[in-house]
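1. Give the three-dimensional model of this entry:
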Amino acid sequence: MRNKLFFVAIAWLIMSCHQKNLVYDKPYFDFDSLVHSQISALKKIKLEIIKTTTLNGVRDSTVTIPDTNQWKHELAVFQQLDVINKPMYKGEYDVIKGKDIHSNLMVLTYRKKKSAIPSPVAEVRIYFLENIHKLRKIESSFTEKNLMYGTSRSLVLEFEDNESEPVLSHFKVKGVQKMILSDSVKLSVEGQTRYVN
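-> Numbers count the residues shown, from 1 in each chain. Alright, predicted model coming up:
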């Protein structure tokens, strides 16, 4: 019996790894590529991050110069937005492009259509100047719920130009997490990048 469970676990692990590496067409904005390109850019430019974390009202601040792994950790939550590109969501989002009424920026909005297929991402707003390669800001939210667990996060990424390429200047994650039979946990993480002299 133990051997059978071992082989089932190995098979599941192999399938999970294989599925992670599947390549498919992305009908919407490619958040995976954005995060990878930002990590690469942030590795080249020496930036420190002023990070403020608030957990249930208790606040803590740190200043660090992150390495590649730390940047991967910080930006992983934003990479989750790439769920909208899964094949099951193709055609499930309205794509709306227009001018931002509060600035000189353009806004590209992906809004989930009403359908039987639920998505953890209801809407994404991408603000840019002239074209999508001149990114200025991304706003979205990510919500997951099941019988044991529920979480909701609002997400913001802001960018500045560095040699005509957008580079992360500010990010914010604010949310609530609730586990069954436990109190809700309120968390806020805000990071501001700054060039090192």
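
2. List the contacts of Arg59.
-> Thr52, Thr53 (CB atoms under 8 Å, 6 or more residues apart in numbering). C-beta here means a position set from N, CA and C on the backbone, and glycine is covered the same way.

3. and it, bridged to which residues?
-> Beta bridges link Arg59 to Thr54, judged by DSSP bridges.

4. where along the chain do the strands fall?
-> For the chain, the strands defined by DSSP state E cover 47-55, 58-64, 93-99, 106-112, 123-128, 135-145, 149-162, 165-179, 185-195.

5. can I get these in TSV with distance to Asp30 and mean pLDDT?
-> Supplementary listing: the strands of the chain in TSV, determined by distance: least, CB to CB, whole Å; pLDDT from 0 to 100:
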stretch	distance to Asp30	mean pLDDT
strand 47-55	23	94
strand 58-64	28	94
strand 93-99	14	96
strand 106-112	12	97
strand 123-128	11	98
strand 135-145	12	95
strand 149-162	14	93
strand 165-179	14	93
strand 185-195	22	93
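
6. Rebuild those strands as JSON lines, extending it with distance to Ala76.
-> Formatted as JSON lines, those follow (distance: least, CB to CB, whole Å):
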{"stretch": "strand 47-55", "distance to Ala76": "15"}
{"stretch": "strand 58-64", "distance to Ala76": "17"}
{"stretch": "strand 93-99", "distance to Ala76": "22"}
{"stretch": "strand 106-112", "distance to Ala76": "20"}
{"stretch": "strand 123-128", "distance to Ala76": "17"}
{"stretch": "strand 135-145", "distance to Ala76": "12"}
{"stretch": "strand 149-162", "distance to Ala76": "12"}
{"stretch": "strand 165-179", "distance to Ala76": "10"}
{"stretch": "strand 185-195", "distance to Ala76": "12"}
